[in-house]
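K.L.:
predicted structure and sequence below. I'll ask about it afterward.
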Amino acid sequence: MFPPIRAKANHSNLHIYFVKVVLIEEPKNCEGAVRYPQWNMQRLLFAWCSFAQMGQIKRIWPNVPWLFLYRDPVETIVSNLKDVPPWLLDNDRRVLASITGQSPDEVAEMPLEELCARTIGSLFSTAHRLANDNSMLLNYTQLSVPVISSVLRFFKVSPSAQELEKIEHGSRMYSKEASGSRSFVVDADAKQQLASDAVREAAVKWASEPYQLLEQKRLDQTNRFGE
């Protein structure tokens with residue numbers, strides 16, 4: 001159902017963070033990845049649903065730091081229904097069946113609102129269960145240049161003043177507009193207003209409790225990261 005994970009188990013400087021599913025490790029140990037020579041690191045991208053394999057990844061690299069970035073489930077569902085991603089439309093339902101704990105036939109019959117909410121809730125639960133001293137939980141509402149700086153420190157990265165200026169400039173741009181011509185606008189209220197009754201009902205039934213548990217664990221981490 002999931003592609004196999006092949007990796008060496010002795011990466012002392014490996015880092016994991018989840019905006020999408022991303023691995024960062026020493027350049028000499030990874031092929032086909034984007035390199036960051038200034039930090040002696042590089043990144044390797046996995047499919048979004050690969051976070052369901054985080055337990056396996058942690059067994060390979062049990063002491064590796066990782067970050068999970070998440071958002072209010074209603075807003076997340078609205079975003080996914082506005083521009084439906086391939087993973088929600090995949091005709092091979094085995095991956096989503098594995099994530100949601102349902103059969104492929106049951107997944108095939110689900111409304112998109114329910115399928116999205118079940119998947120989000122399952123991934124939130126996975127993050128909550130696996131979060132430990134090597135992890136950082138980050139809510140989308142926290143994103144700012146100071147918080148991004150704290151994330152970099154968490155991964156033992158010390159950006160230069162010039163790099164911080166680039167981060168600040170980039171934070172003003174809409175991340176899904178490659179040209180950089182569109183400014184970022186906070187859209188939480190707009191997404192909440194766009195949410196249908198079906199979206200809200202699905203979020204409450206399958207994603208709200210995992211989200212609240214994740215939020216509580218994030219708050220418990222606050223003192224440790226000094227945010």
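P.N.:
Alright, I've got the coordinates. Residues are numbered from 1 along each chain as shown.

K.L.:
buried sites along stretch 153-166?
P.N.:
154-155, 157, 159 (16 or more other Cβ atoms under 10 Å). Bear in mind the C-beta positions are built from the backbone N, C-alpha and C, glycine included.

K.L.:
give me the mean pLDDT for that stretch.
P.N.:
Stretch 153-166 shows a mean pLDDT of 81.

K.L.:
now stretch 196-203
P.N.:
Here the average pLDDT along stretch 196-203 is 98.

K.L.:
what's in contact with that stretch?
P.N.:
Applying Cβ atoms under 8 Å, 6 or more residues apart in numbering, the contact partners of stretch 196-203 are 73-74, 77-78, 81, 111, 113-114, 116-118, 195.

K.L.:
please indicate which of the residues you listed are buried?
P.N.:
If we count by 16+ other Cβ under 10 Å, those have these buried: 73-74, 77-78, 81, 113-114, 116-118, 195.

K.L.:
possible to save those as JSON lines with secondary structure and distance to L164?
P.N.:
Shown next, in JSON lines, are the buried ones among the contacts of stretch 196-203 (DSSP: H, G, I helix; E, B strand; the rest coil; distance: Cβ to Cβ, whole Å):
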{"residue": "P73", "secondary structure": "helix", "distance to L164": "32"}
{"residue": "V74", "secondary structure": "helix", "distance to L164": "33"}
{"residue": "I77", "secondary structure": "helix", "distance to L164": "34"}
{"residue": "V78", "secondary structure": "helix", "distance to L164": "32"}
{"residue": "L81", "secondary structure": "helix", "distance to L164": "36"}
{"residue": "E113", "secondary structure": "helix", "distance to L164": "40"}
{"residue": "E114", "secondary structure": "helix", "distance to L164": "42"}
{"residue": "C116", "secondary structure": "helix", "distance to L164": "35"}
{"residue": "A117", "secondary structure": "helix", "distance to L164": "37"}
{"residue": "R118", "secondary structure": "helix", "distance to L164": "39"}
{"residue": "A195", "secondary structure": "coil", "distance to L164": "35"}
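
K.L.:
which parts of this structure are helices?
P.N.:
Taking DSSP state H as the criterion, the chain contains helices spanning 54-60, 73-82, 86-89, 94-100, 104-109, 112-130, 145-154, 161-170, 188-194, 197-206, 208-225.

K.L.:
which intervals of this protein have sub-threshold pLDDT?
P.N.:
Where the chain drops to pLDDT under 70, the residues are 1-48, 171-185, 223-227.

K.L.:
again, 80 this time
P.N.:
Across the chain, the ranges flagged by pLDDT under 80 are 1-49, 60-61, 63-64, 155, 159, 167-186, 222-227.

K.L.:
measure stretch 62-80 end to end?
P.N.:
Using Cα to Cα, to the nearest Å, one end of stretch 62-80 lies 32 Å from the other.

K.L.:
what's the answer for stretch 202-212, then?
P.N.:
15 Å.

K.L.:
buried residues in that stretch?
P.N.:
202-203, 206-208, 210-211.

K.L.:
pull the number of nearby residues for the residue lying closest to S103 once chain neighbours are set aside.
P.N.:
Of all residues not flanking S103 in the chain, A97 sits nearest, at 5.9 Å (Cβ to Cβ, 6 or more residues apart in numbering). For A97, the neighbour count with other Cβ atoms under 10 Å is 17.

K.L.:
wait, A97 sits on P104?
P.N.:
Yes - counting by Cβ atoms under 8 Å, A97 touches P104, with 4.6 Å between them.
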